[in-house]
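I'd like to go over a predicted model; first the sequence, then the structure.
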Amino acid sequence: MSLLEVNDVKIAYRMPGNDVHAVNDVSFSIDEGDNYGLVGESGCGKSTLAKSVLGLLDDNGEVREGSIEFDGRELLDLSEREWQSVRWEDIAYIPQSAMDSLDPVMTVGAQIRQAIRKHRDVSKAAANERVAEVFEMVGLDPDRTGDYPHQFSGGMRQRVTIAMALALDPDLLIADEPTTGLDVIVQDKIMDKLIEIQEETGSSLLMITHDVGVVAETCDEMSVLYGGKVMEQGATDRIFRSPTNPYTIGLKNAFPEVDEFDEQAISIPGSLPDLTEEPTGCVFRNRCPFATEECEDGHPPLTEAGGQLSACYHTDRSDELREKAADPETWGIDVRDERDRSGGVGDTILETRGLEKWFKQPQGILEDLRGEEPDYVKAVNGVDLSVREGEIVGVAGESGCGKSTLAEVIAALQERTGGEILIEGTPVDELLGESTKEFRSQVQFIFQDPFDSLNPRQRVRAAVGEPLKIQGHDPETIERRVRETIEDVGLKPAGKYLDQLPTQLSGGERQRVAIAQALVLEPKLLICDEPASMLDVSLKANILNILREKADERDIGVVYISHDLASLTQIADRLAVMYLGRIAEIGDTTDVITAPKHPYTASLLSASPKTDPDVDRQRVLLPGEPPNPVNLPEGCNFAPRCPKADETCRGEEPTRSTFVDDDHEAACYHPVKDVESELLERYAAAREEEVGEVVAEELTL
Amino acid sequence: MSGYSFDTDTAKERLRSELGRAGRTLRFVLQDNAAKAGFAVIVAFGFLGVFGPYLAPYHPIEDTLQQGGSMMRLQSPGGKALLGTTSFGKDVLSQFLAGARPTLIVGLFGGVGTGVLGFLVGLTSGYFGGRVDEFLMRLTDLTFALPFLPMALVILSFVTPSVWLITAVLVVFLWKMPARVIRSEVMTVKERTFVKSARARGAGHTRTMFLHVAPNVLGIGFLYTAYAVGWSIVAGASLAFLGFGDPTTTSWGRMLQQVFRSGAIRTAWWWVLPPAVGIGAVTTGVFLVGRAFEEIVNPDLQTDKE
């Protein structure tokens, strides 16, 4: 018998006016010891489902129909008191944002102990023992149970939440986007740990994520959700090898792999269906390029198709659909002429020389008076970067590596503390001289969060026209250029959007308005700080395509900052990888991706999950965390974590030109030759040793 | 504002959209029953303030009511004087009607003045931060530290009080409330991406402050203006009660002062109730509408709407 059985569940949220039917007739079951994946974009109902399994739906949400059985027991009939005994004891939950889910005024140990003692009648000492045990399981130092959440890094906090979920040895673990918001390397380590623990304890895992790659690597079975409906269901391997549903096909194609160059990203046009009524036709029909009249009559039932279940009327033609779906034109995307790309690079627009941004650490008045040199956080530490016309330079790195600071310093949103910035050979100070007008007309910025980057009180017309107004153009010119630019970023017809307020637009549309705001002045340099990272996979590709197109058309130089290597390889001509304020490696995107020389770059690249179920990837178990940026080690910043480091590395910091091959430069004395044997296996071996030591210690005790 | 020019069309267009928004807001506010009652009281009060003196059957100060050759002292309601008379034979109804105007002036101008001054101080302080913030906030602390009534009495004992002077004194003492709240709200809005985005698009400080930050805290500004109207009326009445009102006009506060001085405050209920109920009703009305308005201004609800 299955452990968890969800049968024909319908969940609706009561809203003023209309109810929102978030989940409609969803069924799936999880066997004991299985990993199950629920995949879908935001708004598909996956988190709602997870909450209903825990009985934690929001007050206005209710399960209208169906049943949720756990271990043969109907969960929907439980009283609140009964729920309390099921939660954590039988079903534990790993929340999405570890940053928020821990109580900041309680030590982490006390928080876990509280969960244990609530359910078990054990002494404090016994509970503490268990806390230490689960800490060890998730790879945290058991001596740190007395620390407060803020003393842990993001990845470690997520480990704490996992430890908390494990405390009572539950039968089912629900992980709601457990690694979203974490860096790839950390994600890789956490996923590895999670799977290892789960295999050890034999519990089942319900994994909820939008990240197709994570599911492909961890789950045995999965359901693809869209608009509150299951689109495809079955064994993960089969679904990824031969998806039969147009939505799954589109989702898989929209999810780029790190090493797929020049393959144009495919996005799914249109937006999510309106869920204020129960669906009358296939929920995907308005975005599906293969929709026929048949698709209007009711959502298709899940039918057997090639070993998995798929909700589509056209499963009989799935091979044909897959082939067609690989062509961007099927999805209404204009194919870019890749040949133009290489020839379009012109003069240098941006050059930075030894750019520095150091943040002074606060110190007491006494230290100030004594004239002590304060500590600095060297967020950007001697960066040389150049961007030419029509070129997109990608800057990659984990959070805290200084990439966003770099972007803001170049855009003069923050003052630099050292070095030089030249725009077309002119120092920025000269451009900024009397007013910022001149500089702003040449350098523009696109922000990460489209939901917050537009003034909620400003209509699209005013928002896009504002930069022109500031430059002092007359109303007719403004109106004309606003219309042109809005259509140019794909918001057609412009008239439909001009009078909209930001709240009336979807995330993708908002980000396009933000791009239009930046492009309307026809700048020479565009700086993008993770412009697509908060959008759903299917929209991401769209934004990338627009940027690439504009760079080619208008000969704009683009600095594209992102932690997402896959989107960088698709868009960037050259790629720079930053680590702790310095550029570790830079070169042609293809060179850097296919033959990374810096051990850090190589680790970062290998940590990206793959959607291809046939690839058996070695996980990246890079030890440690980036060191404290206040007290950087002598020599190479990466040396403390690097398996290849020797005395030279620890003694003297390598310059960027330590390894040079044409344009490809890396700051490393011992460039990587073979990633597998030189890095990944050594990481794994080092960890084995560590585990071994712990075991040995325990034995001697 | 840097690079910002007004032409009549955009001005009209903006005005229309602002009026439209005001209308929508009002409709939303009036969905609340308590707010409906409050709004009715405010409208009635506004009407009295403008037309009250013309409606009054007698002159509130000059006319002394006579009956059978003698002055009608402390008559209970009925006969010539619908709401009775004062100890000097003045008509209470006429005093009540005429007294609405100075109360309205003090309330409206004191409230709006407080709102505007507090808004500007809060906006500047919150937006620029640093030394500007330090200076303005210490100034606010200073006004918080000074007790209102004693200070106002000291000021008013040196100069002859008039309605306008009293209004000015009220503004000087009340602006700190909205300033504090607006400042903290501005500090939140300032951190949002669209403000940084405006800077990146080339907007100067003035423009960013007034076009991007200010509209997003305007709701709270209005809310505190509404509350300030209530505070001003109460504070103005308190001053008048203590005998520091404008001696040449009749106001509700002054009526209460006179009934107190005449020693009839325990017996002449018809003289006490009209001004007392008037002040109570208007301030309650303002707060009821303000409370319903707060629902809209509340940031949680704000994002869902519009």
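Perfect, thanks for sending it. Numbering: from 1, shown residues only, chains lettered A, B, ... in the order given.

Flag every residue of the stretch 501-650 of chain A that's near chain B.
Contacts of the stretch 501-650 of chain A with chain B, taken as C-beta under 8 Å from any C-beta of the partner chain, map to A:501, A:503, A:514, A:517, A:518, A:521. Bear in mind the C-beta positions are built from the backbone N, C-alpha and C, glycine included.

residues near the fifth one, how many?
The local packing of residue A:518 (other C-beta atoms under 10 Å in any protein chain shown) involves 27 other residues.

ok, whichever residue of the stretch 51-200 of chain A sits closest to chain B - contacts?
Relative to chain B, the nearest point of the stretch 51-200 of chain A is residue A:60 (12.9 Å; C-beta to the nearest C-beta). Residues in contact with residue A:60 (C-beta atoms under 8 Å, 6 or more residues apart in numbering or on different chains) are A:13, A:14, A:15.

Before we move on, what's the pLDDT of it?
The model reports residue A:60 with a pLDDT of 85.

follow-up on the earlier one: top of the contacts of residue A:60 by neighbour count?
Ranking these using other C-beta under 10 Å puts residue A:13 first, with 18 neighbours.

Quick one: find the helix or strand in the chain with the lowest mean pLDDT.
Looking at chain A here, since you left the chain open. helix A:339-343 (a mean of 49; mean pLDDT, DSSP states H and E).

Now do the buried residues in the helix or strand following it.
Per DSSP states H and E, the first helix or strand lying C-terminal to helix A:339-343 is strand A:348-360. By neighbour count with 16 or more other C-beta atoms under 10 Å in any protein chain shown, strand A:348-360 contains the buried residues A:348, A:349, A:350, A:351, A:352, A:355, A:356, A:357, A:358, A:359.

tell me the contacts of the fifth one?
When contacts are counted by C-beta under 8 Å, 6+ apart, residue A:352 touches A:383, A:384, A:385, A:386, A:410, A:419, A:420, A:421, A:422.

switch the cut-off to 7 Å
Residue A:352 makes contact with A:383, A:384, A:385, A:410, A:419, A:420, A:421, according to C-beta atoms under 7 Å, 6 or more residues apart in numbering or on different chains.

what bridges to the last one?
Here residue A:421 sits in beta bridges with residue A:352, as judged by DSSP bridges.

Hmm, residue A:428 and it touching each other?
Yes - using C-beta atoms under 7 Å as the test, residue A:421 is close enough to residue A:428 to be in contact (4.5 Å).

What about residue B:154, how many residues nearby?
9.

and it, that one's in a helix?
Yes - assigned with DSSP: H, G, I helix; E, B strand; the rest coil, residue B:154 falls within a helix.

Quick check: pLDDT value at it.
Value listed for residue B:154 in the pLDDT field: 84.

cool, residue A:513 as well?
Here the pLDDT value assigned to residue A:513 is 90.

for residue B:289, same thing?
So residue B:289 comes in at 83 (pLDDT).

Verify the stated contact: it with residue B:226.
Yes - counting by C-beta under 7 Å, residue B:289 touches residue B:226, with 6.4 Å between them.

Check the gap between residue A:610 and residue A:256 for me.
11 Å (C-beta to C-beta, to the nearest Å).

now residue A:444, which residues is it bridged with?
residue A:526.

how many neighbours does it have?
26.

Excluding residues flanking it in the chain, which one is nearest residue A:398?
residue A:183 (3.9 Å; C-beta to C-beta, 6 or more residues apart in numbering or on different chains).

How about the secondary structure of residue A:232?
strand.

surely the residue nearest to residue A:398 meets residue A:563?
Yes - contact criterion C-beta under 7 Å: residue A:183 and residue A:563 qualify, at 6.3 Å.

which neighbours do the two share?
With C-beta under 7 Å, 6+ apart as the test, residue A:183 and residue A:563 both reach A:398, A:399.

Backbone dihedrals for residue A:587, both of them.
phi 170, psi -180 (degrees, to the nearest 10).

how about stretch B:238-254 as PDB, C-alpha atoms only?
C-alpha atoms of stretch B:238-254 as PDB (Å, rounded to 0.1, in the frame of the first residue of the first chain):
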ATOM      1  CA  SER B 238      -9.000  73.400  25.200                       C
ATOM      2  CA  LEU B 239      -7.200  76.700  24.700                       C
ATOM      3  CA  ALA B 240     -10.500  78.500  24.400                       C
ATOM      4  CA  PHE B 241     -11.800  76.800  27.500                       C
ATOM      5  CA  LEU B 242      -8.800  78.100  29.400                       C
ATOM      6  CA  GLY B 243      -9.600  81.600  28.300                       C
ATOM      7  CA  PHE B 244      -7.000  81.900  25.600                       C
ATOM      8  CA  GLY B 245      -9.400  81.800  22.700                       C
ATOM      9  CA  ASP B 246     -10.100  84.700  20.300                       C
ATOM     10  CA  PRO B 247     -12.100  87.100  22.500                       C
ATOM     11  CA  THR B 248     -14.000  88.700  19.600                       C
ATOM     12  CA  THR B 249     -15.600  85.500  18.200                       C
ATOM     13  CA  THR B 250     -17.800  82.800  19.600                       C
ATOM     14  CA  SER B 251     -16.500  79.300  19.400                       C
ATOM     15  CA  TRP B 252     -17.600  76.100  20.900                       C
ATOM     16  CA  GLY B 253     -14.600  76.000  23.200                       C
ATOM     17  CA  ARG B 254     -15.400  79.600  24.300                       C
END
